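Participant: sequence below, structure please.
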Amino acid sequence: MGKKMAVVGAGAAGSYIGAFLTREGHDLVLIDMWGEHVEKMNADGIEVSGSQGPFNVPVRAHHFSDASQLKDKYDIIFFAMKSYDTVWAAHFAKNLLASNGVLVSNQNCMNDLTLASIVGFDREIGCVMSGITVGLWEAGHVNRGGQPGRDRGHDVFRVGELYGRITPRAEEIAGLLSCIDGSKATSNIWGERWSKLTTNASSNPITAMTGLGSNGAAELPEARRLQIEISKESCRVALAQNFDVEPIKGITADVWSRANEGDIYEELDEKFLPTPGANDWKSSMSQDVTKGRKTEVTLMNGYISEQGVLAGIPTPVNTAITSVVDEIDQGTRQANVVNIKEVLTRAGIT
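Facilitator: Numbering: from 1, shown residues only. As a prediction, this is how the structure comes out:
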């Protein structure tokens with residue numbers, strides 16, 4: 001008998017994972033809080049479009065209020081909740097997890113230790129999703145932008161144990177996810193997490209606070225400067241804590257940490273220039289702003305700032321951009337290009 005699986009958090013990433021695994025014939029249910037989305041999935045399946053579509057697959061979906069009555073226990077739970085919903089949703093997921101089951105964190109940010117403290121350190125495994133852009137703009141329909149990683153020699157899914165060993169279950173989960181895109185087990189999940197955190201922190205809030213797409217932001221030298229400064233601060237914090245950060249945009253963390261050096265700055269600036277033919281994609285944080293939802297900025301850039309305090313590393317740009325996006329969350333500021341100058345001012349950069 002095959003393993004029972006669940007996706008807790010059927011947003012863009014969760015719906016995408018669920019659609020592909022269901023299409024492969026796995027016994028899987030999706031659980032989410034958006035009632036219209038749950039109803040649409042049950043009625044018409046999940047519609048997948050974009051660079052790996054189109055296709056439609058019938059699925060089984062439950063609202064959280066109904067899922068609490070499920071009698072099944074799940075061998076593998078793919079956990080794709082927003083970071084600010086981690087704690088309560090992890091307690092919910094724990095009740096659905098089989099005694100020898102594993103919860104796979106497909107989230108942004110650094111939530112693995114929190115999850116492990118709830119479900120058990122032997123029942124949580126990290127999964128970084130690198131270089132994948134997906135959007136859920138309407139109920140029942142998930143879209144992927146950009147070229148699949150496999151087509152460009154890139155492993156999107158990096159699955160790893162918190163203690164750094166490549167285990168059979170890490171390889172098993174990587175194998176499951178390989179039906180979607182390039183996938184591998186890693187012995188450096190923390191280095192992968194810091195690399196992804198840096199990538200997200202340097203891009204997501206830029207498009208979120210400006211209302212621009214990725215190409216529009218890339219055309220602005222001031223936006224690229226913020227991206228370089230955010231990446232520099234993040235890498236300095238990670239290196240100060242002795243993490244072995246995986247390369248970011250093909251460049252080592254040590255180089256990013258020395259971004260203020262003239263020749264290095266020019267090299268890094270090129271990494272953020274517009275890519276010819278690329279979609280003008282909105283980040284997940286920008287999608288949240290567009291939908292009027294809370295963002296993950298305090299658990300992304302804010303986390304870098306908090307860790308910077310602990311490590312004694314200044315993070316003025318991450319602190320400034322966290323405050324600006326948080327004001328958008330609170331409804332006291334609107335997404336606009338002028339927010340770039342506001343962040344530079346608050347960070348003391350002229």
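Participant: confirm D254 sits in a helix?
Facilitator: Yes. Applying DSSP: H, G, I helix; E, B strand; the rest coil, one finds D254 inside a helix.
Participant: contacts only, for it.
Facilitator: C235, L239 (Cβ atoms under 8 Å, 6 or more residues apart in numbering). For every residue, glycine as well, the C-beta is placed using N, CA and C.
Participant: how about the nearest residue to A217, chain neighbours excluded?
Facilitator: Spatial nearest neighbour of A217, chain neighbours left out: A223 (4.6 Å); criterion: Cβ to Cβ, 6 or more residues apart in numbering.
Participant: which SSE is the one you found in?
Facilitator: A223 is part of helix 221-240 when elements are defined by DSSP states H and E.
Participant: from A10, how far out is the residue nearest to A217?
Facilitator: 32 Å (Cβ to Cβ, to the nearest Å).
Participant: who has more neighbours, these two?
Facilitator: Neighbour tally, A223 and A10, criterion other Cβ atoms under 10 Å: the higher count belongs to A10, 31 against 22.
Participant: and the contacts of the host helix or strand of D326?
Facilitator: Assessed by DSSP H and E, D326 sits inside helix 316-330. Helix 316-330 is touched from outside by 201, 205, 208-209, 226, 229-230, 233-234, 285, 289, 294-295, 297-298, 301-302, 304-305, 308, 333-335, 339, 342-344, 346-349, with contacts defined as Cβ under 8 Å, 6+ apart.
Participant: how much space separates the spatially most central residue of the chain from D288?
Facilitator: Nearest to the geometric centre of the chain sits N108, at 3.1 Å (Cα atoms, centre = their mean). The gap separating N108 from D288 is 11 Å, by Cβ to Cβ.
Participant: and S183, its phi and psi?
Facilitator: S183 adopts backbone torsions of phi -150, psi 150, taken as degrees, to the nearest 10.
Participant: residues contacting it?
Facilitator: S183 touches D155, V156, F157, R158, V159, A174, G175, L177, counting by Cβ under 8 Å, 6+ apart.
Participant: next: F157.
Facilitator: F157 makes contact with C127, V128, M129, S130, A174, L177, S178, I180, D181, G182, S183, K184 under the criterion Cβ under 8 Å, 6+ apart.
Participant: can you report phi and psi for it?
Facilitator: phi -100, psi 120.
Participant: could you do D27 as well?
Facilitator: phi -80, psi 100.
Participant: quick one: neighbours of it, just the number.
Facilitator: Using other Cβ under 10 Å, D27 has 16 neighbouring residues.
Participant: surely it and M5 touch.
Facilitator: Yes. When contacts are counted by Cβ atoms under 8 Å, D27 is listed as touching M5 (6.4 Å).
Participant: mind listing the strands in this structure by residue range?
Facilitator: 4-8, 27-32, 46-50, 55-57, 60-63, 74-79, 97-105, 124-129, 133-138, 141-145, 157-160, 183-185 (DSSP state E).
Participant: direction included, what does the fourth one pair against?
Facilitator: Right, strand 55-57. When sheet partners are counted by DSSP bridges, strand 55-57 sits next to strand 46-50 (antiparallel).
Participant: let me know the angle separating the partner strand from strand 27-32.
Facilitator: Going by axes from the mean of the first three to the mean of the last three Cα atoms, to 10 degrees, strand 46-50 is angled at 80 degrees with respect to strand 27-32.
Participant: need the residues that contact strand 46-50.
Facilitator: By Cβ under 8 Å, 6+ apart, the residues outside strand 46-50 that reach it are 15-16, 18-20, 22, 53-57, 59, 134, 140-145.
Participant: report the buried members of those residues.
Facilitator: Buried members of the contacts of strand 46-50, scored by 16 or more other Cβ atoms under 10 Å, are 15-16, 18-20, 22, 56-57, 59, 134, 140-145.
Participant: what mean pLDDT does the longest helix seen in the chain have?
Facilitator: Identified as the longest helix of the chain according to DSSP state H is helix 189-210. Helix 189-210 carries an average pLDDT of 97.
Participant: one more: stretch 162-182?
Facilitator: Here the average pLDDT along stretch 162-182 is 97.
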